[in-house]
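**Q** Prediction below, plus the sequence it came from.
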Amino acid sequence: MNTLNADLHCHSVISDGTLTPEELAARAKAQGVSLWALTDHDEVGGQARAAAAAAACGLSYLTGVEISVSFLHQTVHIVGLGFDAENTQLVNGLAQTRGGRSQRAHEMAVGLAGVGIKGAFEGALRYAGNPNLISRTHFARFLVETGVCKDTYEVFRKYLTEGKPGFVEHRWANLKDAVQWIVQADGMAVIAHPARYKFSANEELALLTEFKGHGGLGIEVVTGSHSSAECASYADTALEFGLAASRGSDFHSPTESRTELGALPLLPDALTPVWSLLAERIAHAPSA
Ligand code: AMP
Ligand code: MN
Ligand code: MN
Ligand code: MN
(Lines give C-alpha, C1' and ligand atoms only; values in the text may rest on other atoms or scores of the structure.)
(Ligands and ions follow the chains in the order given, each with its own letter.)
Protein backbone atom coordinates (compact mmCIF):
# COMPACT_ATOMS: atom_id res chain seq x y z
CA MET A 1 0.00 0.00 0.00
CA ASN A 2 2.79 2.43 0.95
CA THR A 3 4.56 1.67 -2.33
CA LEU A 4 1.85 3.49 -4.31
CA ASN A 5 3.07 6.52 -6.26
CA ALA A 6 0.35 8.86 -4.99
CA ASP A 7 0.69 12.62 -5.47
CA LEU A 8 -2.06 14.30 -3.45
CA HIS A 9 -0.96 17.94 -3.55
CA CYS A 10 -0.48 20.24 -6.56
CA HIS A 11 -1.81 23.45 -8.13
CA SER A 12 -3.23 24.46 -11.52
CA VAL A 13 -3.97 27.81 -13.21
CA ILE A 14 -7.21 27.80 -11.23
CA SER A 15 -5.11 28.91 -8.24
CA ASP A 16 -1.37 29.69 -8.45
CA GLY A 17 0.01 26.94 -10.69
CA THR A 18 1.04 27.53 -14.30
CA LEU A 19 -0.40 24.35 -15.90
CA THR A 20 -4.03 23.49 -16.66
CA PRO A 21 -5.69 20.52 -14.92
CA GLU A 22 -5.35 18.57 -18.20
CA GLU A 23 -1.63 19.36 -18.52
CA LEU A 24 -1.08 18.33 -14.88
CA ALA A 25 -2.88 15.02 -15.36
CA ALA A 26 -0.76 14.20 -18.42
CA ARG A 27 2.42 15.21 -16.61
CA ALA A 28 1.52 13.17 -13.50
CA LYS A 29 0.89 10.14 -15.70
CA ALA A 30 4.20 10.61 -17.52
CA GLN A 31 5.98 10.85 -14.14
CA GLY A 32 4.59 7.48 -13.04
CA VAL A 33 1.91 8.73 -10.62
CA SER A 34 -0.98 6.30 -10.24
CA LEU A 35 -3.23 8.14 -7.72
CA TRP A 36 -3.56 11.90 -8.12
CA ALA A 37 -5.38 14.85 -6.53
CA LEU A 38 -5.46 18.47 -7.72
CA THR A 39 -5.49 20.68 -4.60
CA ASP A 40 -5.95 24.28 -5.71
CA HIS A 41 -5.93 26.96 -3.01
CA ASP A 42 -9.42 27.78 -1.67
CA GLU A 43 -11.13 26.65 -4.88
CA VAL A 44 -12.74 23.48 -6.27
CA GLY A 45 -13.52 24.96 -9.71
CA GLY A 46 -10.95 22.68 -11.37
CA GLN A 47 -12.19 19.41 -9.88
CA ALA A 48 -14.48 18.26 -12.69
CA ARG A 49 -11.77 18.94 -15.30
CA ALA A 50 -9.10 17.20 -13.20
CA ALA A 51 -11.26 14.11 -12.62
CA ALA A 52 -12.14 13.87 -16.33
CA ALA A 53 -8.50 14.33 -17.37
CA ALA A 54 -7.37 11.72 -14.83
CA ALA A 55 -9.87 9.18 -16.18
CA ALA A 56 -8.85 9.97 -19.78
CA CYS A 57 -5.17 9.29 -19.14
CA GLY A 58 -5.55 6.32 -16.79
CA LEU A 59 -4.94 7.89 -13.37
CA SER A 60 -6.98 7.13 -10.27
CA TYR A 61 -8.32 10.33 -8.73
CA LEU A 62 -9.29 11.86 -5.37
CA THR A 63 -10.91 15.29 -5.20
CA GLY A 64 -8.70 17.88 -3.51
CA VAL A 65 -8.40 21.41 -2.16
CA GLU A 66 -5.94 23.37 0.03
CA ILE A 67 -7.70 25.73 2.42
CA SER A 68 -5.96 28.81 3.88
CA VAL A 69 -6.51 28.99 7.65
CA SER A 70 -5.41 31.52 10.28
CA PHE A 71 -4.19 29.85 13.48
CA LEU A 72 -2.23 31.61 16.26
CA HIS A 73 -1.29 34.51 13.91
CA GLN A 74 0.13 32.25 11.25
CA THR A 75 -1.29 30.88 8.01
CA VAL A 76 -1.79 27.13 8.11
CA HIS A 77 -2.87 25.12 5.07
CA ILE A 78 -5.41 22.33 5.42
CA VAL A 79 -5.71 19.92 2.50
CA GLY A 80 -9.09 18.27 1.90
CA LEU A 81 -9.22 14.95 0.03
CA GLY A 82 -12.00 12.72 -1.27
CA PHE A 83 -14.92 15.12 -0.56
CA ASP A 84 -18.01 15.81 -2.65
CA ALA A 85 -16.87 18.82 -4.71
CA GLU A 86 -20.46 20.02 -5.15
CA ASN A 87 -21.21 20.15 -1.42
CA THR A 88 -22.90 23.51 -0.78
CA GLN A 89 -21.37 24.24 2.61
CA LEU A 90 -17.86 23.53 1.33
CA VAL A 91 -18.35 25.55 -1.86
CA ASN A 92 -19.78 28.49 0.13
CA GLY A 93 -17.03 28.31 2.75
CA LEU A 94 -14.35 28.41 0.05
CA ALA A 95 -16.03 31.39 -1.64
CA GLN A 96 -15.97 33.20 1.70
CA THR A 97 -12.27 32.31 2.20
CA ARG A 98 -11.38 33.69 -1.26
CA GLY A 99 -13.31 36.87 -0.50
CA GLY A 100 -10.61 39.18 0.84
CA ARG A 101 -7.87 38.35 -1.71
CA SER A 102 -8.49 41.26 -4.05
CA GLN A 103 -8.45 43.87 -1.25
CA ARG A 104 -5.32 42.28 0.21
CA ALA A 105 -3.63 42.35 -3.21
CA HIS A 106 -4.36 46.09 -3.50
CA GLU A 107 -2.77 46.63 -0.07
CA MET A 108 0.25 44.55 -1.08
CA ALA A 109 0.68 46.75 -4.17
CA VAL A 110 0.62 49.87 -1.96
CA GLY A 111 3.40 48.38 0.17
CA LEU A 112 5.48 47.55 -2.91
CA ALA A 113 4.90 51.01 -4.41
CA GLY A 114 6.36 52.38 -1.18
CA VAL A 115 9.70 50.80 -2.11
CA GLY A 116 9.52 51.95 -5.72
CA ILE A 117 7.80 48.97 -7.37
CA LYS A 118 4.95 50.47 -9.38
CA GLY A 119 1.93 48.78 -10.96
CA ALA A 120 2.26 45.52 -9.00
CA PHE A 121 -1.48 44.89 -8.66
CA GLU A 122 -2.10 45.10 -12.41
CA GLY A 123 1.14 43.23 -13.06
CA ALA A 124 0.25 40.36 -10.72
CA LEU A 125 -3.31 40.19 -12.05
CA ARG A 126 -1.96 39.39 -15.52
CA TYR A 127 -0.54 36.15 -14.11
CA ALA A 128 -3.69 35.12 -12.27
CA GLY A 129 -5.62 32.54 -14.32
CA ASN A 130 -8.45 33.13 -11.82
CA PRO A 131 -8.69 36.81 -10.74
CA ASN A 132 -10.56 35.80 -7.56
CA LEU A 133 -7.49 33.86 -6.53
CA ILE A 134 -4.82 36.51 -6.90
CA SER A 135 -2.01 35.32 -4.62
CA ARG A 136 1.51 36.17 -3.54
CA THR A 137 2.76 33.74 -6.18
CA HIS A 138 1.36 35.98 -8.94
CA PHE A 139 3.16 39.01 -7.46
CA ALA A 140 6.33 36.92 -7.31
CA ARG A 141 6.07 36.06 -11.03
CA PHE A 142 5.58 39.75 -11.90
CA LEU A 143 8.67 40.76 -9.88
CA VAL A 144 10.77 38.11 -11.61
CA GLU A 145 9.50 39.13 -15.06
CA THR A 146 10.33 42.78 -14.43
CA GLY A 147 13.85 41.86 -13.29
CA VAL A 148 13.44 42.96 -9.65
CA CYS A 149 14.49 39.47 -8.46
CA LYS A 150 16.11 36.45 -10.09
CA ASP A 151 13.52 33.90 -8.95
CA THR A 152 10.30 33.62 -6.97
CA TYR A 153 12.13 32.37 -3.86
CA GLU A 154 14.11 35.64 -3.76
CA VAL A 155 10.87 37.63 -4.14
CA PHE A 156 9.31 35.89 -1.13
CA ARG A 157 12.44 36.40 0.94
CA LYS A 158 12.82 40.10 0.14
CA TYR A 159 9.27 41.32 -0.41
CA LEU A 160 6.41 38.98 0.46
CA THR A 161 7.02 37.46 3.88
CA GLU A 162 6.31 38.87 7.33
CA GLY A 163 7.99 42.21 7.93
CA LYS A 164 8.72 42.79 4.23
CA PRO A 165 7.18 45.64 2.17
CA GLY A 166 4.64 43.57 0.20
CA PHE A 167 3.41 41.50 3.17
CA VAL A 168 -0.12 42.12 4.41
CA GLU A 169 -1.45 40.22 7.42
CA HIS A 170 -4.68 38.51 6.40
CA ARG A 171 -7.50 36.75 8.21
CA TRP A 172 -8.25 33.44 6.49
CA ALA A 173 -10.76 30.73 7.56
CA ASN A 174 -10.93 29.33 11.12
CA LEU A 175 -9.35 25.91 11.64
CA LYS A 176 -12.63 24.53 12.93
CA ASP A 177 -14.63 25.78 9.95
CA ALA A 178 -12.14 24.53 7.35
CA VAL A 179 -11.95 21.04 8.87
CA GLN A 180 -15.72 20.83 9.21
CA TRP A 181 -16.40 22.00 5.63
CA ILE A 182 -14.25 19.09 4.45
CA VAL A 183 -15.58 16.50 6.91
CA GLN A 184 -19.28 17.24 6.35
CA ALA A 185 -18.62 16.93 2.59
CA ASP A 186 -17.45 13.32 3.28
CA GLY A 187 -13.78 14.16 2.85
CA MET A 188 -10.64 13.85 4.95
CA ALA A 189 -8.83 16.88 6.38
CA VAL A 190 -5.02 16.77 6.30
CA ILE A 191 -2.49 19.24 7.77
CA ALA A 192 -0.33 20.40 4.83
CA HIS A 193 3.50 20.67 5.02
CA PRO A 194 3.66 20.86 8.85
CA ALA A 195 7.40 21.65 8.96
CA ARG A 196 6.80 24.95 7.15
CA TYR A 197 5.11 26.64 10.14
CA LYS A 198 7.07 28.57 12.70
CA PHE A 199 5.23 27.30 15.77
CA SER A 200 6.74 26.60 19.16
CA ALA A 201 6.35 23.03 20.45
CA ASN A 202 3.33 24.12 22.51
CA GLU A 203 1.70 25.91 19.59
CA GLU A 204 2.20 22.90 17.35
CA LEU A 205 0.68 20.69 20.01
CA ALA A 206 -2.33 23.04 20.08
CA LEU A 207 -2.64 22.80 16.29
CA LEU A 208 -2.52 18.99 16.31
CA THR A 209 -4.91 18.69 19.26
CA GLU A 210 -7.48 21.15 17.94
CA PHE A 211 -7.25 19.73 14.42
CA LYS A 212 -8.00 16.24 15.73
CA GLY A 213 -10.74 17.58 17.99
CA HIS A 214 -12.53 19.05 14.97
CA GLY A 215 -12.36 15.74 13.09
CA GLY A 216 -9.05 16.07 11.21
CA LEU A 217 -7.51 12.67 10.41
CA GLY A 218 -4.37 13.19 8.34
CA ILE A 219 -1.00 14.93 8.07
CA GLU A 220 1.42 15.35 5.17
CA VAL A 221 4.60 13.48 5.98
CA VAL A 222 6.26 13.23 2.56
CA THR A 223 5.99 16.56 0.74
CA GLY A 224 8.11 18.68 -1.57
CA SER A 225 8.52 21.13 1.33
CA HIS A 226 10.10 18.64 3.76
CA SER A 227 13.74 17.61 4.10
CA SER A 228 14.34 13.91 4.82
CA ALA A 229 14.84 14.76 8.51
CA GLU A 230 11.49 16.59 8.54
CA CYS A 231 9.80 13.59 6.86
CA ALA A 232 11.18 11.35 9.62
CA SER A 233 10.12 13.76 12.34
CA TYR A 234 6.53 14.08 11.05
CA ALA A 235 6.33 10.32 10.51
CA ASP A 236 6.83 10.10 14.30
CA THR A 237 4.19 12.80 14.80
CA ALA A 238 1.70 10.85 12.66
CA LEU A 239 2.26 7.73 14.77
CA GLU A 240 2.16 9.60 18.07
CA PHE A 241 -1.09 11.41 17.23
CA GLY A 242 -2.75 8.52 15.39
CA LEU A 243 -2.96 10.47 12.12
CA ALA A 244 -2.97 8.96 8.63
CA ALA A 245 -0.08 10.08 6.42
CA SER A 246 -0.24 11.83 3.07
CA ARG A 247 2.25 12.32 0.24
CA GLY A 248 2.30 15.16 -2.29
CA SER A 249 4.76 17.27 -4.27
CA ASP A 250 3.03 20.69 -3.95
CA PHE A 251 3.99 21.12 -7.61
CA HIS A 252 3.15 24.58 -9.05
CA SER A 253 5.19 24.98 -12.22
CA PRO A 254 7.81 23.18 -14.35
CA THR A 255 10.16 26.16 -14.07
CA GLU A 256 9.57 27.22 -10.45
CA SER A 257 8.94 24.04 -8.46
CA ARG A 258 11.79 22.19 -6.81
CA THR A 259 9.85 18.92 -6.66
CA GLU A 260 8.42 17.25 -9.76
CA LEU A 261 5.03 15.53 -9.68
CA GLY A 262 5.35 12.10 -8.10
CA ALA A 263 9.11 12.47 -7.53
CA LEU A 264 9.11 11.93 -3.77
CA PRO A 265 10.24 9.26 -1.33
CA LEU A 266 7.63 6.60 -0.53
CA LEU A 267 5.68 6.83 2.72
CA PRO A 268 7.46 5.00 5.55
CA ASP A 269 6.04 1.47 6.03
CA ALA A 270 4.85 1.99 9.60
CA LEU A 271 2.35 4.70 8.58
CA THR A 272 -1.28 4.37 7.55
CA PRO A 273 -1.61 6.09 4.16
CA VAL A 274 -4.57 8.45 3.75
CA TRP A 275 -5.61 6.53 0.64
CA SER A 276 -6.24 3.36 2.64
CA LEU A 277 -8.92 5.26 4.60
CA LEU A 278 -10.31 6.89 1.44
CA ALA A 279 -10.64 3.71 -0.64
CA GLU A 280 -14.34 4.26 -1.27
CA ARG A 281 -13.77 7.85 -2.40
CA ILE A 282 -11.20 7.01 -5.10
CA ALA A 283 -12.36 7.25 -8.72
CA HIS A 284 -10.42 4.36 -10.20
CA ALA A 285 -8.74 4.68 -13.56
CA PRO A 286 -10.66 2.76 -16.22
CA SER A 287 -8.62 -0.35 -16.92
CA ALA A 288 -6.75 -0.19 -20.22
P1 AMP B 1 -1.03 33.36 -0.63
O2 AMP B 1 -2.11 32.30 -0.49
O3 AMP B 1 -1.43 34.48 -1.55
O4 AMP B 1 -0.54 33.86 0.70
O5 AMP B 1 0.21 32.68 -1.35
C6 AMP B 1 0.80 31.54 -0.80
C7 AMP B 1 1.56 30.78 -1.87
O8 AMP B 1 2.81 31.41 -2.09
C9 AMP B 1 1.91 29.38 -1.41
O10 AMP B 1 0.87 28.49 -1.71
C11 AMP B 1 3.13 29.06 -2.24
O12 AMP B 1 2.75 28.69 -3.54
C13 AMP B 1 3.81 30.41 -2.32
N14 AMP B 1 4.83 30.62 -1.27
C15 AMP B 1 4.61 30.90 0.02
N16 AMP B 1 5.77 31.09 0.68
C17 AMP B 1 6.75 30.93 -0.23
C18 AMP B 1 8.17 31.00 -0.17
N19 AMP B 1 8.82 31.32 0.95
N20 AMP B 1 8.85 30.79 -1.32
C21 AMP B 1 8.20 30.48 -2.47
N22 AMP B 1 6.85 30.39 -2.58
C23 AMP B 1 6.14 30.61 -1.47
MN1 MN C 1 0.66 27.97 -3.84
MN1 MN D 1 0.53 25.25 1.11
MN1 MN E 1 0.11 23.84 -1.98
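**A** Nice, I can see it. Numbers count the residues shown, from 1 in each chain. Ligands and ions are numbered 1, 2, ... in the order given.

**Q** Give me the buried positions along the one helix or strand residue 154 maps to.
**A** Using DSSP states H and E, residue 154 sits in helix 152-155. Residues of helix 152-155 classed as buried by neighbour count (16 or more other Cβ atoms under 10 Å): 152, 155. Quick note: C-beta positions are derived from backbone N, CA and C, even for glycine.

**Q** for stretch 168-187, which positions count as buried?
**A** By 16+ other Cβ under 10 Å, the buried positions in stretch 168-187 come out as 168, 172-173, 175-183, 185, 187.

**Q** near ligand 1, anything from that stretch?
**A** No: between stretch 168-187 and ligand 1, judged by Cβ under 6 Å from any ligand atom, nothing touches; the nearest distance is 7.2 Å.

**Q** How far does that stretch stretch from one end to the other?
**A** 31 Å (Cα to Cα, to the nearest Å).

**Q** what's the burial count for the residue of the stretch 1-150 of the chain at minimum distance from ligand 1?
**A** Closest approach between the stretch 1-150 of the chain and ligand 1, counting by Cβ to the nearest ligand atom: residue 135, at 3.1 Å. Residues lying near residue 135 (other Cβ atoms under 10 Å) number 21.

**Q** repeat for residue 120
**A** 24.

**Q** Quick check: pLDDT value at it.
**A** On the pLDDT scale, residue 120 is placed at 98.

**Q** pretty sure it contacts residue 114?
**A** No: assessed by Cβ atoms under 8 Å, residue 120 is found out of contact with residue 114, at 10.7 Å.

**Q** Give me the most central residue, the protein.
**A** residue 66 (4.2 Å; Cα atoms, centre = their mean).

**Q** so which strand or helix has that residue?
**A** Here residue 66 is assigned to strand 64-71, by DSSP H and E.

**Q** picking up where we left off before, narrow the buried residues of stretch 168-187 to those in helices?
**A** 175-183 (DSSP state H).

**Q** hang on, the earlier thing: what about the closest residue to the residue nearest to the centre of the chain other than its chain neighbours, neighbour count?
**A** Nearest residue to residue 66 in three dimensions, chain neighbours excluded: residue 39, at 4.5 Å (Cβ to Cβ, 6 or more residues apart in numbering). Burial of residue 39 is recorded as 31 neighbouring residues (other Cβ under 10 Å).

**Q** For residue 39, give me its contacts.
**A** 8-11, 64-66, 79-81, 248 (Cβ atoms under 8 Å, 6 or more residues apart in numbering).

**Q** Surely it forms part of a strand?
**A** No: if the criterion is DSSP: H, G, I helix; E, B strand; the rest coil, then residue 39 is coil and not within a strand.

**Q** what's the distance between it and residue 221?
**A** From residue 39 over to residue 221 the distance is 16 Å, taken as Cβ to Cβ, to the nearest Å.

**Q** Any figure for the gap between the residue nearest to residue 66 and residue 123?
**A** Distance of residue 39 to residue 123, computed by Cβ to Cβ: 26 Å.

**Q** Repeat that for residue 196.
**A** Distance from residue 196 to residue 123, counting by Cβ to Cβ: 26 Å.

**Q** which residue sits closest to whichever residue of the stretch 51-200 of the chain sits closest to ligand 3, ignoring its sequence neighbours?
**A** Of all residues in the stretch 51-200 of the chain, residue 77 sits closest to ligand 3, at 3.7 Å by Cβ to the ion. Leaving out its chain neighbours, the residue that sits closest to residue 77 by Cβ to Cβ, 6+ apart is residue 192, at 3.8 Å.

**Q** Show me what secondary structure element comes after the host helix or strand of residue 48.
**A** According to DSSP H and E, residue 48 maps onto helix 47-57. Next in sequence after helix 47-57, counting helices and strands by DSSP H and E, comes strand 60-61.

**Q** chain center to that following strand: distance?
**A** 18 Å (Cα atoms, centre = their mean, to the nearest Å).

**Q** Helix, strand or coil: sort out the residue nearest to residue 126 when sequence neighbours are not counted for me.
**A** Excluding its sequence neighbours, the residue lying closest to residue 126 (Cβ to Cβ, 6+ apart) is residue 142, at 7.2 Å. State at residue 142, reduced to three classes by three-state DSSP: helix.

**Q** roughly how far apart are residue 142 and residue 41?
**A** Residue 142 sits 18 Å away from residue 41, going by Cβ to Cβ.

**Q** ditto for residue 264
**A** Counting by Cβ to Cβ, the gap from residue 264 to residue 41 is 20 Å.

**Q** Who are the contact partners of residue 198?
**A** Listed by Cβ under 8 Å, 6+ apart, the contact partners of residue 198 are residue 74.

**Q** Thanks again, I'm all set now.
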